[in-house]
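Participant: Please find the sequence and the predicted model below.
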Amino acid sequence: MTFAWRVRGQVASECQIRSTTALPYGATTATRNDMLTIVFDLDGTLVDTAPDLISTLNLILTQEGMPPVDYDAARRMIGGGARGMIERAVAAEGRVCSKAELDRLFGAFIEHYAAHIADRSRPFPKVEAALEHLAGDGHRLAVCTNKLEWLSVRLLDMLKLSRHFAAICGQDTFGVQKPDPQMLRLTVQRVGGELDQAVMVGDSGTDIRTSRAATVPVIAVDFGYSEVPIATLRPDRIIGSFGDLPAAIREIAAGRL
């Protein structure tokens, strides 16, 4: 598989693009031929959000008279958005929710989670340094997550990471969610990038299916919320630390797939 890393598009005037940081550490600007759009998943990739998601989930379940979900099992339920997490937890107890019941539980979940979104959630080690490095190399950075957009922005604002991203897109931004490849396509488009110059960074089968359907190379972290060993899903690269991400990006950009 080969990719031509060319920058042809410009940022469309109608797109609302977030400001990004200036070049850090005296880094030099990449040439336009080297500039990539790097799109990150959020939960389990950039930020370890499991503690706050799971505590909220178990609060909602216990209020409904159901037992809490074991932490490790609940961790594997993350990735399809809060609604999907609730559905899976309820199904694990042999119960089926009507749409009205699910809407009620989802509303209660969001109300509590929004107030406790960064109680214990923290960026994974070396995330900020990697983002600064990539921005210093001239790349566009964006977030593409199945979390609601306003919750994603709130979380990244509270963790002081928002400034690194030209766009933060959630499941409600475009009316589609991963693994629908249109979500990735529209995220890249929003920051003025091109798919043949894009790379996705994620932690799960959802991210890998999304990138494959969009014909975008994917780098997977091995410390996220995947239900199966990430190597079995055959991403283009696997990293065990964000310290390894810049080198993995360079390898993909050089066409060594």
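Facilitator: Alright, I've got the coordinates. Here the structure is a predicted model, which means the values were calculated and not measured.

Participant: Thought Ala115 was touching Thr56, still the case?
Facilitator: No - if you go by C-beta atoms under 8 Å, Thr56 and Ala115 don't touch, sitting 9.4 Å apart. C-beta: built from backbone N, CA, C; applies to glycine.

Participant: any idea where the strands of the stretch 101-250 of the chain begin and end?
Facilitator: In the stretch 101-250 of the chain, the strands defined using DSSP state E, counting those that start in this stretch lie at 122-123, 140-144, 167-169, 198-202, 218-221, 237-239.

Participant: can you tell me which residues contact Gln63?
Facilitator: Ala108 (C-beta atoms under 8 Å, 6 or more residues apart in numbering).

Participant: Next, it: phi, psi?
Facilitator: Torsion angles at Gln63 (phi, psi; degrees, to the nearest 10) stand at phi -60, psi -20.

Participant: got it, and Cys97?
Facilitator: The phi and psi values for Cys97, taken as degrees, to the nearest 10, are phi -90, psi 140.

Participant: Also Pro217?
Facilitator: phi -60, psi 150.

Participant: Verify the stated contact: Lys126 with Ser241.
Facilitator: Yes - with contact defined as C-beta under 8 Å, Lys126 reaches Ser241; the gap is 5.9 Å.

Participant: Select, out of the strands of the stretch 101-250 of the chain, the one closest to Leu186.
Facilitator: strand 167-169 (7.2 Å; C-beta to C-beta).

Participant: mind listing what the closest residue in space to Arg88 that isn't next to it in sequence touches?
Facilitator: Distances taken as C-beta to C-beta, 6 or more residues apart in numbering place Met77 nearest to Arg88, at 4.6 Å, with adjacent residues excluded. For Met77, the contact set (C-beta under 8 Å, 6+ apart) comprises Leu57, Val69, Gly84, Met85, Arg88, Ala89.
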